[in-house]
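In: need the 3D shape of this:
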Amino acid sequence: MLRIMAATAVVSLALAPAAQAAEGLWSVYESALKGAKYIDLTHAFSPDQPVWPGFAGAQFKPAEAGNELPDYAKKGDEFSYDAHGFVATAYVLPTDQYGTQLDPPAHWDEFGATISDLPPTFAVRPLVLIDIHEKVAKDPGYAMTVDDVTAWEGKHGTVPEGSVVMVRSDWSKKWDDAAHFNDKPFPGVSLDALKFLHLERRILFHGHEPLDTDATPNLEGEAWLMHNHFTQAEGVANLDQVPEAGALISIGFAKPLGGTGGYARYVAIAPADWPHGVTIAEAPGAPLPKQAAPLRRGPDGVMRPTPQ
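Out: Residues are numbered from 1 along each chain as shown. Got it, this is the predicted structure:
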């Protein structure tokens, strides 16, 4: 009996820290995250959007039955609400460097980590926002410098180790002009600034709104990042809605095995009194709102609410 009681006590002690840890994280959610403001920093990708000129655009089309399903579908049938009770979409993606993305080192380095090698610790990090949009308005080819970083630090303190540094240029406001989004000059991030952030401040990665790190002939910034085994975010949106300091960032990405790029979803998590974004109370996510009209596939293959 004493042995049983002792064993029970040991198990209870072993479980107690785990229970306390879980409750502790729940308390963080209740006290901070539940009332926080959430801001999407991601472009929805589509068949007609900016892309590096060496790649083609994507294609969206109805998914088809790949096999015979007796009394339900013939091979080659397009799945539909009426005939099958559901629809699905086939995406023909010309590259994993498409839209808002996360570049792993394998994009440039044959010895680099692929997107499926990235650890789950990428999930949530401190968010630093360095604003260069006024300088870009005067000089579209402006590249962020070390001085821009130290000016931020003069106001907010040292860039946190392990943070994500987003560079606001407002270039994403040109996203709907797919034909000219990649025209030069465009804003970038200088190699010196990248080296300072990674080697001196030890950040996780930086992100920018254009689809390239800089406009140098050899893309020196991206080359240095990838060959030194760092990642970066490209094609980021809505940085004009993010505080310069005090926010977090949630980082999600597709995980193709051995992938050389990641279709990413970045969400800023700002304090409750921040004027931009939505709270969980305002957008709880379950149930989701009903569409205003039935979904119909357009000529570009995209499903949109379409009045009958």
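In: tell me where the stretch 201-308 of the chain has strands.
Out: Per DSSP state E, counting those that start in this stretch, the stretch 201-308 of the chain has strands spanning 205-208, 231-234, 247-253, 262-270, 295-297, 303-305. These are given in chain order.
In: strands paired with the third one, and their directions?
Out: It refers to strand 247-253. According to DSSP bridges, the neighbouring strands of strand 247-253, each with its direction, are strand 124-131 (antiparallel), strand 262-270 (antiparallel).
In: returning to what we had before: deepest of the strands of the stretch 201-308 of the chain, which one?
Out: Comparing the strands of the stretch 201-308 of the chain by mean neighbour count (mean count of other Cβ atoms under 10 Å), strand 205-208 comes out on top with a mean of 26. (C-beta placed from N, C-alpha, C; glycine too.)
In: helices along the stretch 1-150 of the chain, start to end?
Out: Ranges of helices in the stretch 1-150 of the chain, per DSSP state H, counting those that start in this stretch, are 2-28, 81-84, 133-138, 146-156.
In: equivalent analysis for the stretch 151-300 of the chain, please.
Out: For the stretch 151-300 of the chain, the helices defined by DSSP H, counting those that start in this stretch cover 191-195, 220-227.
In: tell me which strands and helices the shortest one is in contact with?
Out: With contacts defined as 3 or more Cβ pairs under 8 Å, 6 or more residues apart in numbering; DSSP states H and E, helix 191-195 has these neighbours: helix 146-156, helix 220-227.
In: can you list contacts of the longest one?
Out: With Cβ atoms under 8 Å, 6 or more residues apart in numbering as the contact definition, helix 146-156 has outside contacts at 128, 130, 132, 159, 165, 190, 192-193, 196-197, 201, 244-245.
In: closest to Gly261 among those residues?
Out: When those are compared for distance to Gly261, the smallest value, 20.1 Å, is given by Val165; criterion: Cβ to Cβ.
In: residues touching the closest one, list them.
Out: Contact criterion Cβ under 8 Å, 6+ apart gives Val128, Leu129, Ile130, Val149, Val159, Leu197, Ile203, Phe205, His206, Gly207 as the residues in contact with Val165.
In: and it, bridged to which residues?
Out: The bridge-partner assignment for Val165, based on DSSP bridges, gives Val128, His206.
In: ok, it to Glu244 distance?
Out: Taking Cβ to Cβ, to the nearest Å as the measure, Val165 and Glu244 are separated by 11 Å.
In: any common contacting residues for these two?
Out: Val128, Leu129, Ile130.
In: most neighbours, which of those residues?
Out: Tallying neighbours with other Cβ atoms under 10 Å puts Val128 at the head of the shared contacts of Val165 and Glu244, with 27 neighbours.
In: thinking again about what came up before, using neighbour counts, trim the contacts of helix 146-156 to the buried set.
Out: Buried residues within the contacts of helix 146-156, defined by neighbour count using 16 or more other Cβ atoms under 10 Å: Val128, Ile130, Ile132, Val159, Val165, Ser190, Ala193, Phe196, Leu197, Arg201, Ala245.
In: any idea how far Thr150 is from Gly188?
Out: The gap separating Thr150 from Gly188 is 18 Å, by Cβ to Cβ.
In: okay, these two: which has more neighbours?
Out: Relative neighbour count places Gly188 above the other of Thr150 and Gly188, with 28 against 13, counting by other Cβ under 10 Å.
In: the more buried one touches Leu219, doesn't it?
Out: No - the pair Gly188 and Leu219 fails to qualify as a contact (Cβ atoms under 8 Å) at a distance of 9.3 Å.
In: now Pro307: closest residue in space that isn't a chain neighbour?
Out: The shortest distance from Pro307 to any non-neighbouring residue, by Cβ to Cβ, 6 or more residues apart in numbering, is to Ala293 (4.6 Å).
In: do the same with Val92
Out: Beyond its immediate neighbours in the sequence, the residue positioned closest to Val92 (Cβ to Cβ, 6+ apart) is Gln59, lying 3.9 Å away.
In: same deal with His276?
Out: Gln241 (3.9 Å).
In: and that neighbour, what does it touch?
Out: With contacts defined as Cβ under 8 Å, 6+ apart, the neighbours of Gln241 are Ile39, Ala268, His276, Gly277.
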